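A.B. asks: Next input, structure requested:
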Amino acid sequence: MSTSTEQQWWVIYRETVIRFEIVAVEPPPGDDAAFDERCAQLEADGLGAYVIAAPDADTAGDIVGRAWVEAFLSDPQRLAAADAHLATLNRPIK
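C.D. replies: Numbering: from 1, shown residues only. Reported below is the predicted structural model:
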């Protein structure tokens, strides 16, 4: 009988209209109080978290990065918002 080598990871990220940045990959908090505290800290810092089952932190980060790109590219509204944002950056200065 084989055992699973996957564990849960929190992939902490920062997201804007045009950018997704993984800022940390960490094991989940150990108890309810730590969970609540970490969630409050993430919210206060403007960060989000994906919970991913993976064999290691690097793999968890890779999974989340690929998932974000796929979701971004398949959502016309997100692409339109990114295009609009980029257009504002490319306006000539008067």
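A.B. asks: so where is the chain shaky, pLDDT-wise?
C.D. replies: The chain contains residues with pLDDT under 70 at 1-4, 93-94.
A.B. asks: can you pull out the helices in the chain?
C.D. replies: Assigned by DSSP state H, the chain shows helices spanning 32-44, 57-73, 76-89.
A.B. asks: name the helices or strands packed onto the longest one?
C.D. replies: When contacts are defined as 3 or more Cβ pairs under 8 Å, 6 or more residues apart in numbering; DSSP states H and E, helix 57-73 packs onto strand 7-15, strand 20-26, strand 48-54, helix 76-89. Every residue, glycine included, has its C-beta placed from N, CA and C.
A.B. asks: Just name the most buried of the ones you listed.
C.D. replies: Stretch with highest mean neighbour count among the helices and strands packed on helix 57-73: strand 7-15 (a mean of 18; mean count of other Cβ atoms under 10 Å).
A.B. asks: Contacts for it next, please.
C.D. replies: With Cβ atoms under 8 Å, 6 or more residues apart in numbering as the test, strand 7-15 has contacts from 20-28, 38, 42, 46-55, 57, 60-61, 63-64, 68.
A.B. asks: if we can go back for a sec, export the helices of the chain as TSV, with columns for distance to Glu15.
C.D. replies: TSV is the format used below for those (distance: least, Cβ to Cβ, whole Å):
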stretch	distance to Glu15
helix 32-44	12
helix 57-73	8
helix 76-89	10
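A.B. asks: quick one: which of those helices is nearest Thr5?
C.D. replies: Among the helices of the chain, helix 57-73 comes nearest to Thr5, with 10.5 Å by Cβ to Cβ.
A.B. asks: so how far is Arg38 from the residue positioned nearest the centre of the chain?
C.D. replies: Geometric centre of the chain, nearest residue: Tyr13, 3.8 Å, by Cα atoms, centre = their mean. From Tyr13 across to Arg38, the span is 14 Å (Cβ to Cβ, to the nearest Å).
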